[in-house]
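>>> Return a 3D structure for these sequence lines:
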Amino acid sequence: MITSGHAMPRRPLRTLLLLPLTLLLAACSLTQYNVSEQEINDYLKQQVAFEKQIGIPGIMSSRIRLDEMQSRIGRSRSDRIELDAAGDLQVASPLGSQQMKVRFSLSARPDYVAEQGAIYLRDLELLSVKTEPADIGTALSPLLPTFNQSLGLFLNQTPIYRLDGNRQNEARIKEKVEALRVEPGRLVIPFKLL
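Predicted coordinates:
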């Protein structure tokens, strides 16, 4: 009976020693917030549309509207988001006017701005352009540098996702974010507890 009396206090002692370790591990898992690809795509669909009149005076002018945007996070490159943007393009030249569907594939680096609780895209790269009808695509070549510059400026100023102050978990971390990490299918936002 004396032996069993000595064994009992060790279990509570072991439990007391494991408790801080368990709490520490739980705290570590609570120091990051994930934004899924679907959440970003929903935000893009509801909040982001690009519209611009661009052209080369006397040669060609165009009006473009991109209102269908889909992200692919960390799929091709581990530090970047790919963005497919589709919409309508009207091109006018001395030879006439043409209406077409256009789809752009872009790549950019996500950047978090703590004061705004917002994620922007930086260092935009234009990967491809497709048009419908397909034979019109060559007419876009003179406009691509101007388009790329305009869209890059737009995405530098327009967030692709903003932490929502009305959602308790997002409001809590907004200004405590330390960095932004890209993982396949999601953005990981590490933050400080204190």
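>>> contacting residues around the spatially most central residue of the chain?
When Cα atoms, centre = their mean is applied to the chain, the residue found nearest the centroid is Ile160 (5.3 Å). Going by Cβ atoms under 8 Å, 6 or more residues apart in numbering, Ile160 touches 40, 43-44, 48, 71, 81, 83, 110, 119-121. Glycine gets a C-beta too; all of them are placed from N, C-alpha and C.
>>> hmm, try it at 10 Å
35, 40-41, 43-44, 47-48, 69, 71, 81, 83, 108, 110, 118-121, 187 (Cβ atoms under 10 Å, 6 or more residues apart in numbering).
>>> And for Ile119?
So Ile119 contacts 35, 40, 43, 81, 110-113, 159-163, 177, 180, 187, 189 (Cβ under 10 Å, 6+ apart).
>>> And the strands in the protein, which stretches?
32-36, 50-56, 60-73, 81-93, 96-113, 118-132, 161-162, 181-183, 186-190 (DSSP state E).
>>> Which positions within the third one qualify as buried?
This points to strand 60-73. 60-62, 64, 66, 69, 71-73 (16 or more other Cβ atoms under 10 Å).
>>> in its sheet, what does that strand sit against?
strand 50-56 (antiparallel), strand 81-93 (antiparallel) (DSSP bridges).
>>> Of those, which shows the lowest average pLDDT?
Lowest mean pLDDT of those: strand 50-56, a mean of 85.
>>> Can you say which of the strands paired with strand 60-73 is packed in most?
Mean neighbours per residue, mean count of other Cβ atoms under 10 Å, is largest over these for strand 81-93, with a mean of 19.
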